[in-house]
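Asks: Requesting a structural model of the entry that follows:
(2 chains)
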Amino acid sequence: MTHEFFTLRVNGTDHEVADSWLGESLLDVLRDRIGLMGSKGACTQGECGSCSVMVDEVLVCSCLVMGASAVDQEIITIEGVAPIGSPSDVQQAFVDAGAVQCGFCTPGLVMAVHDLLERTETPTETEIREELAGNVCRCTGYGRIIDAVERVSVQRRATSQKESS
Amino acid sequence: MSVVEDTRTDIRPGTIGDSPARPDGIEKVQGNYAFSSDLSADGCLFGATLRSPHPYARIVSIDLSAAWKISGVEAIITADDVPGKLTYGLISQDQPVFAADVVRYVGEPIAAVAALDPETARRALDAIVVEYDVRSPLLDPEAAIAGSHEPIHPDGNLIRHQRIVHGDPSATGDVVVEGTYEIGMQDQAFLGLEAAIAYPDPGADGIELHVATQWLHEDQGQIAACLGFPDDKVRLVLGGVGGAFGAREDISLQVHTCLLALRLGRPVRMAYSRAESFLGHVHRHPATIWMRHHADAEGTLINVEARFVFDGGAYASTSSAVLVNGITMAQGPYACPNGRVDGYAVRTNHLPCGAMRGFGAVQACFAYESQMDKLADACGLGPEEIRLHNAMRTGDTLFTGQAVMNVAPVEECIRETAALPLPDEPVGGAPLDDGSPDAMKLPGGAGRTADARDIVRGIGWGVSIKNLMYSETFDDYSTARCRLTDGVATLKFATAEVGQGFITIAGQIARTVLGVDDVVLDQIDTGVGSAGSTSASRQTWMSGGAVDAACRAARERLFEAVGAAHGLEPIRLMIDGTDVIDTAGDLRVPVSEASAGLEIDETVEYHHPETEDLDENGQGNCHTAFAFVAHRAVVDVDPELGLVKVIQIATAQDVGNALNPLSVIGQIEGGIAQGLGLAVMEEIIQIDGVIRNGNFTDYLLPTFLDMPPVLATLIEQPDPHAPLGAKGVGEPPCISSTPAVVAAIRDALRQAGIEKPLDRVPVRPTDICL
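Replies: Numbers count the residues shown, from 1 in each chain, chains lettered A, B, ... in the order given. As a prediction, the model looks like this:
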């Protein structure tokens, strides 16, 4: 087993990764080497989206990306979305809308929703369903999550209209 | 989207009837909530489990020598290393901690390893050499009943046989319909995989286990027995639970983790992979159910005959209780004077089955609701008409002779569901702006080749009854402790929060009863009496009842103190908002002031009324309470490709009193998703006893694209038997949503002139198109 040292830039901070084996997934490196436990592993084959993170502004399943291949890229995890105690608009909307039950899928979904709303300010319900279909939630049946996304979309539109006027 | 018309505006924020935010919500969205798989400790070791590759074999020898030579391996344990009871189980303790001489299912634990890292532990498993004498597995439940296969367990192949004979079971009707229905094995598929960490006490004479479970005290008892410890030497703390749905009611890795930690005198972590999780917990029982319904020409039920066979897999788990739930619900939510039901739960060499949301009622409902549709057709009635005509009411009796004394708004559930609007989406989905079909709206989505012109739409119904709490003399009480001082209520209970939101309503109850704003929730652990299991739709009723009773006891102490201070009889006092007031005078004192300096501390057990065993004819008041629900599904179907898209589910549910309407909606939508999954997607496939789809690529779970909008009406008729008027709401959503979807598919196919029985769930494309 080849052991390598490499550096990952996660949430704006450089982390030296020691003791990682070369093929170790980014998810395992984030959790077990760097100690960022917010990204969750539920299927480890890219089906459920619980491990979603941003790598150079692209939403990926971190279980499918090799940790060592993410060197020199900007990695954003759930811990980098907002400071603890100051949730982002998406995070707050998840709580307010009842989009959280057990919460295991939630970090991945929050990443996916931020990504969706960055690219599409006012997604239709069909677009929300299509864009988030890579994130499985077993508790909620998705209804309250869609409501949370729509709440943020409305809020952001209202804010941007206020700013432009 | 769900229709939640909340017209109540006079509710104090955070009290009963409001929908305050979950207390763990912010941590969960920010990623710093600790699930049990996130727990670690300095110097902790990693455990892994060796599992049987055979469904049925004798173990000839186990050679650990090569595994011991691997650097970093710290412990290897087998059945020889279990110091206490060698077996465990929820109702009968028939499941070995480790298989000693026989393996009875693919995935049965044989040994466990602890190593410095998970990879080394897994390599050690590969190095263990087990020699097997492979035997012919028992895979046919009928062979288990017939006795045509050798006993695969010392307790035999029959777990339980129970019959029910009620009224005149030979009664016949002018109209008779018959069918045999099959239900596949469903997985709970919680997202948070099994995980635990065990900390041995110094001297290894006790242990603390942090684990994701549904019932801390039941685990405690089973673990302690296997470790050879008294219960108080085993302390359990609830690790963050990533969903449960029944799969965490049985022991999985608990005993193994403790044994390794005690052996080494160091903390040990175990965590399952998804593939291992499919092997490591019990599943929903596959079942075959034959039913024959007799009715008069007007469609009035006269007699129901039924035979149930539940495949329990290799070990008993809760099979006997699942069986009783199934057979006692055979008539559905309908009045019927006569019945004869024969039920079997058997052992096979399939994966062990036990609790999953709905617990036997799901299997029964698919059969009786399919029958009700057949009966409607035979009588020339519509699906709503036949159900309204036979709808059960308070006071009607089940085949067990038990009268349903709860609120039983079956008719209201059906009428309110029917009143919800049908989708305005045209068949095949609204076209794009240029008039072309929107592929995203077609069954199968953009990646399939459904032709919009071939799509047919159908509507189907499902109505169900579910027993709440445990049955058959089991006293599944719950305990809560309430401390009140300086306007702050601190609650302690062992109720497993698995995502359902009990921790939210516990605070709401305390605020309502005590007039406080600040509620602190103590750690959930075995440091207080049992809360019973988070299952059977029971915690709102049972632990809600316990928290309510503990808070009321604390309030009595508060009133005594206020009464003494002001020279008033405590009975004159009450809570108004956040004040203590004198109902016959002018006194008004804020609770924060009234409780200043007091140290009120009350612990209360809440018990539900006693239930009875069933006699040999299945007679007895075996259940505690009942809840009801109706579902209407609308589906689009491509008959040629066998593709189904569920367009809408409408539902009206008997909830008693919605303590937290948003949480109730969450349970309704989430439960319906699991019912939809069983209807058209989810099944564990075993071939020759070997699981073939134990991963999320091949075991299909409903996604955002599979789950339609849900329209929900809450039928709020507070139940006088429930401590807060509130019925459990977790299970009913997933019970009759399944037959509703299947009935809608049958109806859609009929629009295309195709008659298909669809007597098996999940419905597969080939069941539709071939």
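Asks: Determine the number of other residues adjacent to residue 124.
Replies: Using chain A. 12 (other Cβ atoms under 10 Å in any protein chain shown). C-beta: built from backbone N, CA, C; applies to glycine.
Asks: try again with chain B
Replies: 27.
Asks: now for the helix or strand it falls within, which elements pack on it?
Replies: According to DSSP states H and E, residue B:124 maps onto helix B:118-127. When contacts are defined as 3 or more Cβ pairs under 8 Å, 6 or more residues apart in numbering or on different chains; DSSP states H and E, helix B:118-127 packs onto strand B:45-51, helix B:65-68, strand B:73-77, strand B:109-115.
Asks: want to throw these into TSV with distance to chain A?
Replies: Shown next, in TSV, are these (distance: least, Cβ to the nearest Cβ, whole Å):
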stretch	distance to chain A
strand B:45-51	10
helix B:65-68	18
strand B:73-77	16
strand B:109-115	14
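Asks: Mind listing residues that contact the helix or strand that residue B:712 is a member of?
Replies: Secondary structure from DSSP H and E places residue B:712 in strand B:710-715. Residues outside strand B:710-715 that contact it (Cβ atoms under 8 Å, 6 or more residues apart in numbering or on different chains) are A:141, A:143, B:1-4, B:409, B:412-413, B:416-417, B:419-421, B:648-655, B:658, B:661, B:664-665, B:668-669, B:672.
Asks: let's go with 6 Å and repeat that
Replies: A:143, B:2-3, B:409, B:412-413, B:416, B:420, B:649-652, B:654-655, B:658, B:668-669, B:672 (Cβ atoms under 6 Å, 6 or more residues apart in numbering or on different chains).
Asks: Show me what the mean pLDDT comes to for it.
Replies: Mean pLDDT, computed over strand B:710-715, is 98.
Asks: ok, then the element right after it?
Replies: Using DSSP H and E, the first helix or strand after strand B:710-715 is helix B:737-751.
Asks: elements contacting that following helix?
Replies: The helices and strands touching helix B:737-751, judged by 3 or more Cβ pairs under 6 Å, 6 or more residues apart in numbering or on different chains; DSSP states H and E, are helix B:361-379, strand B:456-468, strand B:625-638, helix B:661-680.
Asks: Reformat those as CSV; add mean pLDDT.
Replies: As requested, those are arranged in CSV below (pLDDT from 0 to 100):
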stretch, mean pLDDT
helix B:361-379, 98
strand B:456-468, 98
strand B:625-638, 98
helix B:661-680, 98
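Asks: hmm, back to that, mean neighbour count and mean pLDDT added to the helices and strands packed on helix B:118-127, as TSV?
Replies: Formatted as TSV, the helices and strands packed on helix B:118-127 follow (neighbours: other Cβ atoms under 10 Å in any protein chain shown; pLDDT from 0 to 100):
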stretch	mean neighbour count	mean pLDDT
strand B:45-51	24	98
helix B:65-68	14	98
strand B:73-77	21	98
strand B:109-115	26	98
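Asks: how about the residues of chain A near chain B?
Replies: Neighbours of chain B within chain A, by Cβ under 6 Å from any Cβ of the partner chain: A:37-38, A:42-43, A:45, A:47-48, A:78-79, A:84, A:87, A:91, A:94-95, A:98, A:100-107, A:110, A:126, A:129, A:132-133, A:136, A:138-144.
Asks: And the residue in chain A positioned nearest to chain B, which helix or strand is it part of?
Replies: Proximity of chain A to chain B (Cβ to the nearest Cβ) peaks at residue A:38, 2.5 Å away. Assigned by DSSP H and E, residue A:38 belongs to neither a helix nor a strand.
Asks: Equivalent analysis for residue B:766, please.
Replies: Going by DSSP H and E, residue B:766 is in helix B:765-769.
Asks: do residue B:763 as well
Replies: Residue B:763 belongs to no helix or strand, assigned by DSSP H and E.
Asks: can I assume it is in contact with residue B:680?
Replies: Yes: the pair residue B:763 / residue B:680 is scored as a contact, 5.4 Å apart, by Cβ atoms under 6 Å.
Asks: Could you point out the longest helix of chain B?
Replies: Identified as the longest helix of chain B according to DSSP state H is helix B:539-566.
Asks: so who does residue 26 touch?
Replies: Defaulting to chain A. Residue A:26 is in contact with A:62, A:65, A:67, A:70, counting by Cβ under 6 Å, 6+ apart.
Asks: was after chain B, sorry
Replies: Counting by Cβ under 6 Å, 6+ apart, residue B:26 touches residue A:87.
Asks: go on, residue B:67?
Replies: Taking Cβ under 6 Å, 6+ apart as the test, what residue B:67 contacts is B:76, B:124, B:127-128.
Asks: repeat for residue B:133
Replies: B:58, B:60.
Asks: quick one: contacts for the closest residue to chain A within the stretch 251-400 of chain B?
Replies: For the stretch 251-400 of chain B and chain A, the shortest gap (Cβ to the nearest Cβ) falls at residue B:274, measuring 5.0 Å. For residue B:274, the contact set (Cβ under 6 Å, 6+ apart) comprises A:43, B:695.
Asks: quick one: the helix or strand hosting residue B:511 near chain A?
Replies: Using DSSP H and E, residue B:511 sits within helix B:502-514. No: figure legend: helix B:502-514 not in contact with chain A (Cβ under 6 Å from any Cβ); closest approach 9.8 Å.
Asks: where do the strands sit along chain A?
Replies: A:3-10, A:13-21, A:52-55, A:58-61, A:74-76 (DSSP state E).
Asks: List the buried residues for the longest one?
Replies: It refers to strand A:13-21. Residues of strand A:13-21 classed as buried: A:15, A:17, A:20 (neighbour count, 16 or more other Cβ atoms under 10 Å in any protein chain shown).
Asks: Give me the contacts around it.
Replies: Contacts for strand A:13-21 (Cβ under 6 Å, 6+ apart): A:1, A:5-8, A:29, A:33-34, A:67.
Asks: again, 10 Å this time
Replies: By Cβ atoms under 10 Å, 6 or more residues apart in numbering or on different chains, the residues outside strand A:13-21 that reach it are A:1-10, A:24, A:28-30, A:32-36, A:66-68, A:70-71, A:75, A:80, B:117, B:119.
Asks: Strand partners (parallel or antiparallel) of that strand?
Replies: Strand pairing for strand A:13-21, using DSSP bridges, gives strand A:3-10 (antiparallel).
Asks: about what we covered before: what's the spacing between the residue of chain A closest to chain B and residue B:31?
Replies: Remark: distance between residue A:38 and residue B:31 (Cβ to Cβ, to the nearest Å) = 2 Å.
Asks: Could you tell me which residues touch both of the two?
Replies: Here residue A:38 and residue B:31 have A:77-81, A:106-108, A:110-111, B:38 as joint contacts, going by Cβ under 10 Å, 6+ apart.
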